[in-house]
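Asker: Got a predicted structure plus its sequence, pasted below:
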Amino acid sequence: MLESKKKTHTEKQLSAADILGNPDYLAISYGGYRQKTRDIQPTINELKDDMKLLSAMGIKILRTYNVQLQQASNLLKAISELKNEDSSFEMYVMLGAWIDCLNAWTDKVPNHEVESEQNAGEIERAVALAKQYPNIVKIIAVGNEAMVNWATSYFVRPRVILKWVNYLQDLKHKGELPGDLWITSSDDFSSWGGDPNYHNEDLNNLIRAVDYISMHTYPMHNSHYNPAFWLVSEEELELSDKEKVDSAMQRAILFSQKQYDSVANYMRSLGINKPVHIGETGWATISNEHYGADGSKAADEYKSGKYYQLTREWTNKERISCFYFEAFDEQWKDAANPLGSENHFGLINLKGQAKYAIWGLVDKGAFNGLTRDGKTITKTYNGKEEDLLKDVHVPPKREEITI
């Protein structure tokens, strides 16, 4: 009895402050849905298989998106079971609470000035899970891209996010939630002040209220919507195709860095200095829309792998947590269009194949003895880079695109 008490006393529980910005604790966004609808939830065993794979990749922090569905609570149960089976197993969670405006996702016109009556229940479910699993849930994120105006189906004003962040911070002060649980909101760089159009006092107060800023940056999407950085310049015309692509990927990471800096600089302009981490960034491997061969030519597996490598190098060096989007392909996101980019952001596809970004982990034997849906983890393109490169498209030339 004395020995077990001593162990409990000396065992250090890591906090968000310990793991965020720590390159030994890589982060990733996780859904885990296999089917074309979220009505079919991943089972506990499927979730445990995924956790073992992610742990083998060096991932130790996951980001989830809502607590309306069973996925988040089942995930926490799965992690808890794995920890009981193996005391050395580590996995922590940034628990997302989904926030909507009134009439979101209905046939009525969304009212962005009024919040959904569903939000209170969502927050309370997140609170209950944070209390139930304090050794796993280290962060609660209030909303996902819930303030950015292009989220036309559901966005709310910053005052709504501020209200719930303050509510959660108050629960911490009262001792009803762990004092070292960090509270944030995960949103586009623009709505965190990277775009001056979003500057207002409610946003400023939100920045003061959160424990850190979780911002999103997607150069892949901007290769269509804001393509100046992406296009091949006249000076690059003599380069080989591969050199043109590699140069474009260097510009892509610089694009993300500028968006990151725009948020950090705005925060500092308010006299505030707290961590800024990346809640989402990623690069699709397939697209038959804006980003494919008939569009900006951004989406393919080679570019995705390069972006993953460059992103991890940058964020690890700067001690920025990056919840890379995402762990596994999920086909429910654009179920009517199998080749839609939203279905293809994962590092592992639905066939259990590791994409180019993590071929090296397969070579190192990281996944030996592990499976997903009964399949061993192999490499896409049978591991042949020359075959992969055949599907790579060079970005457009400047004269080919009207900006």
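Answerer: Nice, thanks for sending it over. Residues are numbered from 1 along each chain as shown.
Asker: give me the number of residues near Ser233?
Answerer: Using other CB atoms under 10 Å, Ser233 has 12 neighbouring residues. C-beta coordinates here come from the backbone N, C-alpha and C atoms, glycine included.
Asker: Show the model's pLDDT score for it.
Answerer: Note on Ser233: pLDDT of 93.
Asker: What's the separation between it and Lys397?
Answerer: Taking CB to CB, to the nearest Å as the criterion, Ser233 is separated from Lys397 by 8 Å.
Asker: With Ser240 instead?
Answerer: 15 Å.
Asker: the more surrounded of the two?
Answerer: A count of neighbours by other CB under 10 Å puts Lys397 above the other of Ser240 and Lys397, at 14 against 9.
Asker: Phi first, then psi, for the residue nearest to that one when sequence neighbours are not counted.
Answerer: Closest residue to Lys397 apart from its sequence neighbours, by CB to CB, 6 or more residues apart in numbering: Val232 at 4.9 Å. Backbone torsions of Val232, given as degrees, to the nearest 10, read phi -70, psi 130.
Asker: what's the burial count for Val232?
Answerer: Neighbours of Val232 under the rule other CB under 10 Å: 21.
Asker: ditto for the one 4 residues further on
Answerer: The criterion is other CB under 10 Å. On that basis, Glu236 has 16 neighbouring residues.
Asker: swap in Ala336?
Answerer: Residues near Ala336, counting by other CB under 10 Å, number 6.
Asker: Then Ala78?
Answerer: Ala78 has 22 neighbours, counted by other CB under 10 Å.
Asker: Next, Asp373: phi, psi?
Answerer: According to degrees, to the nearest 10, Asp373 has phi 50, psi 40.
Asker: what residues are up against it?
Answerer: By CB atoms under 8 Å, 6 or more residues apart in numbering, the residues touching Asp373 are Arg34, Glu46, Asp49, Gly352.
Asker: which one of these is nearest Gly194?
Answerer: For the contacts of Asp373, the residue nearest Gly194 by CB to CB is Arg34; the value is 34.8 Å.
Asker: And that closest one, how close does it get to Asn349?
Answerer: 11 Å.
Asker: where are the low-confidence patches of the chain?
Answerer: For the chain, residues meeting the criterion pLDDT under 70 lie at 1-11, 402-403.
Asker: That one: helices as residue ranges?
Answerer: For the chain, applying DSSP state H gives helices covering 2-10, 16-19, 44-56, 70-85, 119-132, 158-173, 201-209, 219-225, 241-269, 301-318, 359-363, 385-389.
Asker: How about the shortest one, which residues are buried there?
Answerer: Read that as helix 16-19. Ala16, Ile19 (16 or more other CB atoms under 10 Å).
Asker: other SSEs contacting it?
Answerer: Under the contact definition 3 or more CB pairs under 8 Å, 6 or more residues apart in numbering; DSSP states H and E, helix 16-19 sits against strand 137-144.
Asker: starting at the chain centroid, how far to the strand it packs on?
Answerer: Centre-to-centre, strand 137-144 and its host chain are 12 Å apart (CA atoms, centre = their mean, to the nearest Å).
Asker: so that strand versus helix 158-173, what angle?
Answerer: Relative orientation of strand 137-144 and helix 158-173, computed by axes from the mean of the first three to the mean of the last three CA atoms, to 10 degrees: 160 degrees.
Asker: Could you give the number of residues near the residue lying closest to Met94 once chain neighbours are set aside?
Answerer: Spatial nearest neighbour of Met94, chain neighbours left out: Ile139 (4.0 Å); criterion: CB to CB, 6+ apart. Residues within reach of Ile139, counting by other CB under 10 Å, total 29.
Asker: What ranges does the stretch 301-403 of the chain have for its strands?
Answerer: For the stretch 301-403 of the chain, the strands defined by DSSP state E, counting those that start in this stretch cover 322-324, 353-354, 371-372, 375-376, 378-379.
Asker: Which neighbouring elements make contact with the last one?
Answerer: Okay, so that is strand 378-379. strand 353-354, helix 359-363.
Asker: Run through who's touching the shortest one.
Answerer: Looking back up the chat, that one is strand 353-354. Contact partners of strand 353-354, identified using CB under 8 Å, 6+ apart, comprise Leu347, Ile348, Leu361, Val362, Phe367, Ile377, Thr378, Lys379, Thr380.
Asker: neighbour-wise, which of those leads?
Answerer: Comparing these by number of neighbours (other CB under 10 Å), Leu347 comes first, having 26 neighbours.
Asker: Ramachandran angles for that one?
Answerer: Dihedral angles (degrees, to the nearest 10) for Leu347: phi -90, psi -20.
Asker: hang on, it packs against Gly360?
Answerer: No - with contact defined as CB atoms under 8 Å, Leu347 does not reach Gly360; the gap is 11.7 Å.
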